[in-house]
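> fold the following, please.
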Amino acid sequence: MPFWRNTFAAVIVATALGAGLAEGGPASLLPKSGSVPGWVWQGEPRSYAPDNLYEYIDGAADLFLAYGFQEAAVADYQRAGDEGHWIIVEIYDMGAPLHAFGIYTAERPPHVKRFDAGAQAYQADGMVALWRGRYYAKVLLVQGNDAQAQRSLAALTGRLLPGSLEMPAELKRLPAEGRERGSERYTQVGALGHKFLTDAISADYAVGKTKATLNVADLASPEKAAEALGKLRDFERRSGKNLADAAALGRGGFTARDSFYGELAAAQQGRFVVIAVSEKADRASVSDLVKRAAAGLEEKPNSPSTACTDEYCPVDPHLIKP
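Next up, the predicted model:
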């Protein structure tokens, strides 16, 4: 059963409660009724704020709030005169491009089919998901075999969303060589399952005949980075194997055999903690990936930080429930 099915009951509840449509914001970005020939709004669009998002996506609202959710707009589209054909379009204002990219990658299942819309999009399990600028959108095929109409609504939504089609600037922290296209992710809190590894960009890399995953966590200051790296070392000392110092990787560098991720290499570079892991690659390969990433960060001291700017302001990690 598609993972989004549990939202449809909430749609009916929210409609009964009279959820209103706010002026401007994501509501103004929804494809208009009839903009895809033969498809019209079923009722009026609805809007949601942080305090009532759970009414629509109960169980997933906390994840959206963690990534900086601001407002959502939802519209039901029906084939004119035929209630058996139903498509939903959802648009989420996530407050910043990095946050929209983050929730997009957090919800993206493995092995998806790419779709040409917005900055990035995929098609899977009856849904097209995309992001552009500060917005994340989903187009859900609920009833009927109307894949072409779904694709048309998704493509139109991608064009209506404002913002750059460029990937987040923070991805420049990752080395380009060997990076697997489309594997990039952003984790606000909890990279590699550790709450202390925050604001992390990651991607998969070709390493010989296998692959490794590189994580670059931004801890906002060298002091906090050193503290986080120390916690990771302590964790590997308790639960990992073969912990060894690796000064050549950088400040506080070490290697270990993680009980879940396999070979691990980690080091600090300024305010960043750089970690590479692989189940099948050898220790030398993951260490080399950390060294390459750390060298790139050293050459770009002015790379995007967690300080607030016009384009990006980080989510407070304390907003995330334990």
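> who touches E107 in this structure?
For E107, the contact set (C-beta atoms under 8 Å, 6 or more residues apart in numbering) comprises 63, 129. Every residue, glycine included, has its C-beta placed from N, CA and C.
> next, it: phi, psi?
phi -90, psi -10 (degrees, to the nearest 10).
> let me know the pLDDT of it.
As summarised for this prediction, E107 has a pLDDT of 94.
> which residue is the nearest non-sequential neighbour of the spatially most central residue of the chain?
Most central in the chain under C-alpha atoms, centre = their mean is G102, positioned 2.1 Å from the mean C-alpha point. Take G102 and drop its neighbours on the chain: the residue closest to it by C-beta to C-beta, 6 or more residues apart in numbering is Y186, 3.8 Å away.
> now R79
H85 (3.7 Å).
> please give me every residue in contact with the one you found.
Counting by C-beta under 8 Å, 6+ apart, H85 has contacts 78-79, 143-144, 146, 149.
> show me what the helix or strand hosting it pairs with in its sheet, parallel or antiparallel.
Using DSSP states H and E, H85 sits within strand 82-93. Applying DSSP bridges, strand 82-93 is found paired with strand 71-79 (antiparallel), strand 135-143 (antiparallel).
> flag every buried residue along stretch 254-268.
For stretch 254-268, the neighbour count (16 or more other C-beta atoms under 10 Å) marks 254-256, 258, 261-268 as buried.
> what's the first-to-last distance across it?
In stretch 254-268, first residue to last residue: 10 Å (C-alpha to C-alpha, to the nearest Å).
> average pLDDT across it?
Here stretch 254-268 scores 97 as its mean pLDDT.
> chain center to it, what's the gap?
The chain centre lies 24 Å from the centre of stretch 254-268; the measure is C-alpha atoms, centre = their mean, to the nearest Å.
> over to stretch 122-136?
Worked out by C-alpha atoms, centre = their mean, stretch 122-136 lies 11 Å from the chain centre.
> that one: end-to-end distance?
End-to-end distance of stretch 122-136 (C-alpha to C-alpha): 12 Å.
> within the sheet, what are the partner strands of whatever helix or strand the residue nearest to G102 lives in, with directions?
Using DSSP H and E, Y186 sits in strand 185-189. In the sheet, strand 185-189 lines up against strand 198-207 (antiparallel) (DSSP bridges).
> still on that earlier bit, neighbours around the residue nearest to G102, how many?
Applying other C-beta atoms under 10 Å, we find 23 residues neighbouring Y186.
> again with the one 4 residues further on
G190 has 15 neighbours, counted by other C-beta under 10 Å.
> ok, now the one 4 residues further on?
By other C-beta under 10 Å, 17 other residues sit near H194.
> any stretches of the chain with poor pLDDT?
1-24, 299-322 (pLDDT under 70).
> try 80 this time
The model of the chain has pLDDT under 80 over residues 1-24, 298-322.
> mind giving me the domain split of it?
7-160, 170-299 (automatic domain parsing).
> mind listing the helices for the stretch 1-150 of the chain?
With DSSP state H, counting those that start in this stretch as the criterion, the stretch 1-150 of the chain has helices at 7-16, 54-57, 61-66, 97-107, 147-160.
> which secondary structure elements does the third one sit against?
Right, the one you point to is helix 61-66. Helices and strands touching helix 61-66, by 3 or more C-beta pairs under 8 Å, 6 or more residues apart in numbering; DSSP states H and E, are helix 97-107.
> no further questions, thank you.
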